[in-house]
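Engineer: take a look and give me a structure for this.
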Amino acid sequence: MSDTFENAEDFLASLQIPNDTQKNENKEYQQDLYKKWFRSKTQSGFLAIRPWNEALKMKIDIGKTSAEGKLISSTAVFVDSIDFAAYLRSITIGMASVNYPANDKMGIPTAEGFVSYGGTTLDGKPISRIFKSHYWQTGDTVDSTAFVWKCGHFAARKSESGAFIPDMKSPISVDQIKVTRQDICSISYLMDLSMVSHVTNNQDWYEQ
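Structural biologist: Residues are numbered from 1 along each chain as shown. Predicted structure coming up:
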């Protein structure tokens with residue numbers, strides 16, 4: 001089906017992407033499933049992943065902190081738990097380059113990449129929320145031993161199908177973090193344990 005679309009905007013416009021807050025406006029999240037702090041010579045921050053099992057989603061939050069440890073910025077998005085777990089598992093078993101090839105139309109510049117589009121309406125304005133993962137890049141150099149995870153909020157318009165079409169020239173909040181393959185192995189294992197636990201204790205999970 002992707003061959004019929006010229007770019008990510010056309011593809012998104014054809015979809016009915018659910019509002020992130022549609023199922024439960026007063027949703028309560030579980031505790032962080034995974035949280036890691038990082039510090040380099042130039043910046044510091046964190047990556048946090050928290051289940052929203054009632055909607056079969058994961059909340060991914062990436063933030064920056066100052067040298068004193070104060071929060072500078074933070075951007076959170078939601079990804080489908082099944083899709084995200086499948087992506088992470090593909091990396092850990094060495095199949096992601098086959099299952100998730102580069103796709104310029106969807107904005108995925110390298111193999112083993114993944115993108116998730118979502119959105120919500122805040123103060124009457126549509127907001128696009130995007131999560132993206134691909135190989136770490138420094139200038140023109142691509143490092144396939146690590147990944148960059150990006151969370152972004154963008155001004156958007158809503159298509160007739162209900163999709164949130166982002167204006168990539170109008171970012172509201174964007175944060176990113178370097179994630180190693182070792183990190184992904186740990187996250188994938190935790191994701192599997194979390195989802196198995198949820199499904200085991202909720203036999204009607206597939207009706208959610």
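Engineer: please enumerate the strands of the chain.
Structural biologist: 34-39, 44-52, 57-65, 71-80, 114-122, 125-138, 141-158, 164-180 (DSSP state E).
Engineer: give me the angle between the second one and strand 34-39.
Structural biologist: Inter-element angle recorded for strand 44-52 and strand 34-39: 170 degrees (by axes from the mean of the first three to the mean of the last three CA atoms, to 10 degrees).
Engineer: point out where the protein drops to low pLDDT.
Structural biologist: Residues of the chain meeting the criterion pLDDT under 70: 1-30, 208.
Engineer: any idea which residue is closest to the centre of it?
Structural biologist: By CA atoms, centre = their mean, the mean C-alpha position of the chain lies nearest to Phe131, the distance being 3.2 Å.
Engineer: and Ala163, what are its phi and psi?
Structural biologist: Here is the backbone geometry of Ala163 (degrees, to the nearest 10): phi -70, psi 150.
Engineer: could you check how many residues crowd around it?
Structural biologist: If you count neighbours by other CB atoms under 10 Å, Ala163 ends up with 24. Quick note: C-beta positions are derived from backbone N, CA and C, even for glycine.
Engineer: wait, Ile127 touches Tyr117, no?
Structural biologist: No - counting by CB atoms under 8 Å, Ile127 stays clear of Tyr117, with 11.8 Å between them.
Engineer: residues touching the helix ranked longest in the chain, excluding its own?
Structural biologist: The longest helix of the chain (DSSP state H) is helix 181-201. Helix 181-201 has contacts (CB atoms under 8 Å, 6 or more residues apart in numbering) with 33-34, 36, 49, 51, 53, 58, 81-82, 84-85, 88-89, 91-92, 145-147, 179, 205.
Engineer: and with 10 Å instead?
Structural biologist: 30, 33-34, 36, 38, 47, 49-51, 53-54, 56, 58, 81-82, 84-93, 96, 112, 133, 144-147, 149, 177, 179-180, 205-206, 208 (CB atoms under 10 Å, 6 or more residues apart in numbering).
Engineer: if any of these are buried, give me the PyMOL selection for them.
Structural biologist: A single PyMOL command selects the buried members of the contacts of helix 181-201 (16 or more other CB atoms under 10 Å):
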select buried, resi 33+34+47+49+50+51+53+54+56+58+81+84+85+86+87+88+89+90+91+92+96+112+133+147+149+177+179
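Engineer: about what we covered before: contacting residues for the residue nearest to the centre of the chain?
Structural biologist: 58, 60, 62, 75-79, 84, 114-118, 149-152.
Engineer: repeat that for Ala67.
Structural biologist: With CB under 10 Å, 6+ apart, Ala67 has these contacts: 39, 43-44.
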